[in-house]
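only geometry, no sequence info:
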């Protein structure tokens, strides 16, 4: 997509000299998790959510992760996205060893590498669609006019260019989620993580969102890692994985 | 859009709460400014006291009199350029158009030379020296009592019995804004020669001296008092500043209470702001989690919350200062100056009070936001995302 080439170059130029850029994972892998464990404590009781999990996600794939509630899906997603740290094991994502990064390095890495799509859209209600999409770009050195261009491009990709001045309350659920996707792709991230992206949508809107994600995967080569309970949504992914009791089946 | 857009948009996200908070800050600023203005007004005379003037009174109390002859001995002190004297008369208007005003029996030859912040036209001053029952009034007092030059004026006294009949020969205007414009000055010899004042005959209330070197006022004061050390009536000489303060003595506790009240008012402002910000932050924790997830560092979250808190406080502060200027400086102030000039010859919120109120609003806005901002910025992203509105 030529539309996003500018965004890539703008963010890549700031990211290329980062010290936390580590060893690139095995050829073709964009996510490589090894022996991941994650333990939470409820008082003195240890709850082992992930136990010795290995995961290899090839770049450019569209993967769905399913599993019962409490199986550790969201925890795994958070670890891949750099929102949470594993208790043990190594996490290599897009060439960076996340376990060796500080919180501020992780925040910067997320802003350049990961696009987030949440179940409940999580748009800021006091900002317009365009302003919501622009948010991640405020962390870059792009000028105001460059940011405006990128926002228009992202909204055009999700088909909401004509809704850029609408507030979230003026949009339907499906439109809100598409704005959220525009926000996720506006800084041209390598990976999009989606946590139940169709969970709050009707079937028609859910299909539209999934079609859009397929397009992002196929046409823009975005790696998508999606957690879902919805078998129909999982069917749209190229790879389906199942997590149960902290281990991949 | 920039980073401030989000903080700004958040301010009126809940308009009802934001408006109530701003109104509360406005009220606090007005009450704080009113208290500080009253304190400043009471202290104004003290603050603007002449540095080259000394006051000499009886060592025991201001209510005790000194022999008339002391004035000549004060004048003999080499550093004293001029000296005058007066007695307190305690004047009252029989028609009660004004509840109270200052009345002095003063020396017509020297009073306005030493107390030169009161300007009297030379012809009126000359008339006063020629008219035994002549009286000179402040311009506001003349207006209140509805008298002009040449009119007869009858007043009574708390100290001296009966009606006192004066002829208005002059009206003074103040040369500095804190000078009392509600004072009646008449001739000391008129009082001294009246049989109703026999109990204070040839006695004076206090001496005011103008000195050559204000830097050495303490030494000169000691020199004056030394002259009367061995007499029955010993003196206490002090700077005009200290003399004015001694009149405020009775108000000291009240002024102290006002100081405490103004601090309590500021504390209330901080609590109101802190409550509003804490509620807003609590409601938006999930949203801050989203911002952190997409890459905003903790410092930005801190900035958003502090910016919002500062903005609410400043909006309230600026509106409050506007209300103060309108309500006090152009409403209450002139009213008090006309009707209670004895207490408040000049009642306007000084610039220092307005600046303090605004700075306090801004400072307390930041302080009120600190704890919620730090807590929100330190939340783990995953914990913040789990919080629901």
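Okay, I see it. Everything numeric in this text was worked out from a predicted model, so none of it was measured.

so what's the residue positioned nearest the centre of chain A scoring on pLDDT?
Residue closest to the average C-alpha location in chain A (CA atoms, centre = their mean): residue A:193, at 2.4 Å. Listed pLDDT for residue A:193 reads 95.

that one pairs with what?
residue A:116, residue A:225 (DSSP bridges).

which residues in the chain form strands?
Using chain A. Using DSSP state E, the strands of chain A run over residues A:29-42, A:45-58, A:62-66, A:88-93, A:96-97, A:114-117, A:191-195, A:223-227, A:239-244, A:247-248.

wrong one, I was asking about chain B
Secondary structure of chain B by DSSP E: the strands cover B:53-58, B:66-67, B:80-88, B:91-92, B:102-106, B:118-119, B:134-138, B:152-157, B:164-174, B:183-187, B:203-204, B:206-211, B:235-239.

close to chain B: what parts of chain A are there?
Residues of chain A found near chain B (CB under 8 Å from any CB of the partner chain) are A:78, A:81, A:83-84, A:103-104, A:107-108, A:110-112, A:116, A:118, A:122, A:124-127, A:130-131, A:134-136, A:138-139, A:147, A:183. Placement of C-beta: from N, CA and C, glycine included.

just the buried residues of the residues you listed.
A:78, A:81, A:83-84, A:107-108, A:110-112, A:116, A:118, A:122, A:124, A:126-127, A:130-131, A:134-136, A:138-139, A:147, A:183 (16 or more other CB atoms under 10 Å in any protein chain shown).

follow-up on the earlier one: and residue B:59, which of the strands of chain A is closest to it?
Nearest to residue B:59, of all the strands of chain A, is strand A:29-42, at 78.7 Å by CB to CB.

pLDDT on that closest one, on average?
Mean predicted lDDT for strand A:29-42 stands at 92.

same deal with stretch B:208-215?
On average, stretch B:208-215 scores 90.

pull the helix or strand with minimum mean pLDDT from chain B.
Ranked by mean pLDDT, DSSP states H and E, the helix or strand of chain B with the weakest confidence is helix B:240-248, at a mean of 75.

by contact count, what packs against that helix?
Helix B:240-248 sits against helix B:15-47, strand B:53-58, with contacts defined as 3 or more CB pairs under 8 Å, 6 or more residues apart in numbering or on different chains; DSSP states H and E.

among these, which is nearest chain A?
Checking those against chain A by CB to the nearest CB gives helix B:15-47 as the closest, at 11.4 Å.

by contact count, what packs against that closest one?
For helix B:15-47, the packing partners by 3+ CB pairs under 8 Å, 6+ apart come out as helix B:240-248, helix B:252-283, helix B:298-324, helix B:351-378.

quick one: it to chain centroid distance?
15 Å (CA atoms, centre = their mean, to the nearest Å).

just the mean pLDDT for stretch B:8-17, thanks.
Mean predicted confidence for stretch B:8-17 is 85.

the closest residue to residue B:299 other than its chain neighbours and residue A:49: what is the separation?
Nearest non-adjacent residue to residue B:299, counting by CB to CB, 6 or more residues apart in numbering or on different chains: residue B:377, 7.1 Å away. Counting by CB to CB, to the nearest Å, the gap from residue B:377 to residue A:49 is 26 Å.

ok, now residue B:312?
Residue B:312 is 41 Å from residue A:49, by CB to CB.

same deal with residue A:131?
36 Å.

what of residue A:185?
As judged by CB to CB, residue A:185 and residue A:49 stand 30 Å apart.

neighbour count winner among these two?
residue A:185 (25 against 22; other CB atoms under 10 Å in any protein chain shown).

check contacts around that one.
By CB atoms under 8 Å, 6 or more residues apart in numbering or on different chains, the contact list for residue A:185 reads A:4, A:115, A:154, A:157, A:192, A:216, A:220, A:222.

got a winner among those residues for most neighbours?
residue A:154 (29 neighbours).

tell me the pLDDT at that residue?
94.

ok, now how distant is it from chain B?
According to CB to the nearest CB, to the nearest Å, residue A:154 stands 13 Å off from chain B.

circling back: just flag whichever of the helices and strands packed on helix B:240-248 has the lowest average confidence.
When I compare the helices and strands packed on helix B:240-248, helix B:15-47 is least confident, with a mean of 87.

ok, the closest residue to residue B:25 other than its chain neighbours - contacts?
Leaving aside its chain neighbours, residue B:25 sits nearest to residue B:316 (2.5 Å; criterion: CB to CB, 6+ apart). Shown in contact with residue B:316 (CB under 8 Å, 6+ apart): B:21, B:22, B:23, B:24, B:25, B:26, B:28, B:29, B:361.

could you redo the last one with a cut-off of 7 Å?
Residue B:316 sits next to B:22, B:25, B:26, B:29, B:361 when contact means CB atoms under 7 Å, 6 or more residues apart in numbering or on different chains.

and if you look at residue B:305?
Contacts of residue B:305 (CB under 7 Å, 6+ apart): B:277, B:281, B:369, B:372, B:373, B:376.

show me how to select, in PyMOL, the buried members of those.
Those of the contacts of residue B:305 that count as buried under 16+ other CB under 10 Å are selected in PyMOL with:
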select buried, chain B and resi 277+281+369+372+373+376
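
okay, the contacts of residue B:305 in CSV with distance to chain A next?
Listed next are these as CSV, based on distance: CB to the nearest CB, whole Å:
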residue, distance to chain A
B:277, 16
B:281, 15
B:369, 18
B:372, 18
B:373, 17
B:376, 15
